[in-house]
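**Q** heads up, no residue letters with this:
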């Protein structure tokens, strides 16, 4: 189907998008099965956080394989010189995005290294076709 991204919530530093799929039956919300990374993981529902500040960064995009990657970068240690980046990958199954737990990765990078992850270098869902 055709996917539609809608900004539905905005906090002080983070925005939240909902994803919809246009099918023969009409507009269908895409749900998440499995938790995303980061500080909003338990409160997300079917929303996708992006943006943030020095206290945390969130990003979401598509991979070259057509999956969705949701990532969170949280300062590691006493300063914002390094970040722990957790990346979680979701496969599209119908109108659901299902967590592939085996692909979850966590690594610590310096602050400038966060932009090396493609999902942090542009708008949410920028690479999706």
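**A** Noted; the coordinates are in hand. Here the structure is a predicted model, which is why all the values come from computation and not from measurement.
**Q** Can you give me the buried ones in whichever helix or strand residue 16 is part of?
**A** Using DSSP states H and E, residue 16 sits in strand 14-23. Buried residues in strand 14-23, counted by 16 or more other Cβ atoms under 10 Å: 14-21. Just so you know, the C-beta spots here come from the backbone N, C-alpha and C atoms, and that holds for glycine as well.
**Q** Report all helices and strands that that strand contacts.
**A** Contacting strand 14-23 under the criterion 3 or more Cβ pairs under 8 Å, 6 or more residues apart in numbering; DSSP states H and E are the following elements: strand 2-10, strand 26-29, strand 47-53, strand 56-62.
**Q** Tell me which strands that strand pairs with, and in which orientation.
**A** Strand 14-23 pairs in its sheet with strand 2-10 (antiparallel), strand 26-29 (antiparallel), strand 47-53 (antiparallel), by DSSP bridges.
**Q** Surely residue 121 is in contact with residue 114?
**A** No. In this structure residue 121 lies outside contact range of residue 114 using Cβ atoms under 8 Å: 9.1 Å.
**Q** neighbour-wise, which of these two wins?
**A** Using other Cβ atoms under 10 Å as the criterion, residue 121 and residue 114 rank with residue 114 on top: 18 against 13.
**Q** Could you check the pLDDT of the more buried one?
**A** If you check residue 114, the pLDDT there is 92.
**Q** Can you list the buried residues in the worst-scoring helix or strand of the chain on mean pLDDT?
**A** Among the helical and strand segments of the chain, the one scoring lowest on mean pLDDT, DSSP states H and E is strand 2-10, with a mean of 87. For strand 2-10, a neighbour-count test (16+ other Cβ under 10 Å) marks residue 5 as buried.
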